[in-house]
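Visitor: task: produce atomic coordinates for the following.
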Amino acid sequence: MHGKRLSKAREGIERTKLYPVDQAVKLVRERASAKFDETVEIAMNLGVDPKHADQMVRGVVNLPNGTGRTLKVAVFARGPKADEAKAAGADIVGADELVNEVMGGKIEFDRCIATPDMMGLVGRLGKVLGPRGLMPNPRVGTVTMDVAGAVKASKGGAVEFRVEKAGIVQGTVGKASFDEGKLVENIKAFVDAVSKAKPTGAKGTYIQRVAISSTMGPGVKVEVNSVAPAVGA
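Guide: Predicted coordinates for the structure are as follows:
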């Protein structure tokens, strides 16, 4: 059944064709026919080999129109910083007791923030949080004294990205219910952030391929120049 639905959704999409971003978004939205509001994802093939430290791509992008999803945010902090996190809307705030909960396998959050003084404790959670992509990191703004700003950014549409082994970066750029203009804005913001995170060791064409899809829909290839005119190379 799933195969038939996907085959039907692929009708009208040329596998090898590169579509301008607005046309690609239209095709993806038209084919998002699930009973829930499908998430729209982006995948970018980059000309990097992340096994080399100088070719690692990592960062965070604040999507102008948000992700359409409310993230549960946990903050490791004490005293006034813990109060600040709660006031900013953090869902879970704690110190030693929160570390113990996570060590015990209780992970009920989508984003994790820590003040720098907590990293000695939080560092013990590397094996638990690392594989889930939840480990706080100063490079993406999740190890910070500005916990209020970090919580608000996480709630407002901050999306972390990190290149995978095959040189692919993936991320969420909104929901199928978003209007086309908002999705295009979000996609361009995501590509721009990845462009700006180009590592020193990247040689040749940096952004090689871009594709978008909805949760249950087929992928649509996007013309790189339509999302990143300055970085077609």
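Visitor: what is the neighbour count of the nearest residue in space to Gly94 that is not next to it in sequence?
Guide: Nearest non-adjacent residue to Gly94, counting by Cβ to Cβ, 6 or more residues apart in numbering: Phe76, 6.9 Å away. C-betas here are computed from N, CA, C, even on glycine. As a burial measure, Phe76 scores 28 neighbours (other Cβ atoms under 10 Å).
Visitor: phi, psi for Phe76 please.
Guide: Main-chain torsions, Phe76, degrees, to the nearest 10: phi -90, psi 110.
Visitor: do I have it right that it meets Ala95?
Guide: Yes. In this structure, Phe76 is within contact of Ala95 by Cβ atoms under 8 Å, at 6.3 Å.
Visitor: list residues touching both of the two?
Guide: Applying Cβ atoms under 8 Å, 6 or more residues apart in numbering, one finds that Phe76 and Ala95 are jointly contacted by 118, 121.
Visitor: send me the helix ranked longest in the chain as PDB with only the CA atoms.
Guide: Scanning the chain for the helix with the most residues, using DSSP state H, yields helix 180-196. The C-alpha atoms that make up helix 180-196 are tabulated as PDB, following Å, rounded to 0.1, in the frame of the first residue of the first chain:
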ATOM      1  CA  GLU A 180       5.100  28.200  -0.400                       C
ATOM      2  CA  GLY A 181       6.800  31.600   0.300                       C
ATOM      3  CA  LYS A 182       7.600  30.700   3.900                       C
ATOM      4  CA  LEU A 183       9.000  27.300   3.000                       C
ATOM      5  CA  VAL A 184      11.200  28.900   0.300                       C
ATOM      6  CA  GLU A 185      12.500  31.500   2.800                       C
ATOM      7  CA  ASN A 186      13.300  28.800   5.300                       C
ATOM      8  CA  ILE A 187      15.100  26.700   2.700                       C
ATOM      9  CA  LYS A 188      17.200  29.600   1.500                       C
ATOM     10  CA  ALA A 189      18.100  30.400   5.100                       C
ATOM     11  CA  PHE A 190      19.200  26.800   5.800                       C
ATOM     12  CA  VAL A 191      21.300  26.700   2.600                       C
ATOM     13  CA  ASP A 192      22.800  30.100   3.400                       C
ATOM     14  CA  ALA A 193      23.800  28.900   6.900                       C
ATOM     15  CA  VAL A 194      25.400  25.700   5.500                       C
ATOM     16  CA  SER A 195      27.200  27.900   2.900                       C
ATOM     17  CA  LYS A 196      28.600  30.100   5.600                       C
END
